[in-house]
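# sequence? don't have it. structure:
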């Protein structure tokens, strides 16, 4: 499947993009036109690109993803793991920005 041929619905786009990341590192990346999001684990870079373009009406240049493994934790004597999360760093084309409030419905 070619990059431009995939179509996703608005509902699927909201399922893919879970929430924006607002950390110190992600705030510093915004000066380079890069934004960070927590995304669905079963989505790929092409779907993430289309979802961002549909939701925020911007042109995406590049998408980098990483899966963060859940940390081991002890809770009331029981040992378990936090959930794995997938993060996406989205680079936008020149002149495109996402509003700093970053609201996802």
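Arrived safely, thanks for sending. What you see is a predicted model, and the numbers here were worked out from it, not measured in a lab.
# from here on, just use CA atoms for contacts and neighbour counts.
Noted.
# hang on, residue 85 packs against residue 71?
No - here residue 85 lies out of contact with residue 71, judged by Cα atoms under 8 Å, at a distance of 10.7 Å.
# pull the residues that contact stretch 53-73.
For stretch 53-73, contacts defined as Cα atoms under 8 Å, 6 or more residues apart in numbering pick out 10, 13-14, 41, 45, 48-49, 52, 79-93, 96-98.
# that one: which residues count as buried?
Residues 54-55, 58-60, 63, 65 are the ones in stretch 53-73 that count as buried (16 or more other Cα atoms under 10 Å).
# which ones among those map onto strands?
Using DSSP state E, the members of the buried residues of stretch 53-73 that fall in strands are 60, 63, 65.
# rebuild the residues you listed as CSV, extending it with pLDDT.
Converted to CSV, these look like this (pLDDT from 0 to 100):
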residue, pLDDT
60, 92
63, 96
65, 96
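# what's the closest of the residues you listed to residue 6?
Of all those, residue 60 has the smallest distance to residue 6: 14.7 Å, by Cα to Cα.
# hey, what's the closest one bridged with?
Here residue 60 shows beta-bridge partners residue 92, assigned using DSSP bridges.
# state the distance from residue 29 to residue 66.
16 Å (Cα to Cα, to the nearest Å).
# do the same with residue 7
Distance, residue 7 to residue 66, using Cα to Cα: 23 Å.
# residue 32 too?
Distance from residue 32 to residue 66, by Cα to Cα: 19 Å.
# who does the residue nearest the centre of the chain form a beta bridge with?
Closest residue to the average C-alpha location of the chain: residue 37 at 2.9 Å, with Cα atoms, centre = their mean. Per DSSP bridges, the residues bridged to residue 37 are residue 20, residue 88.
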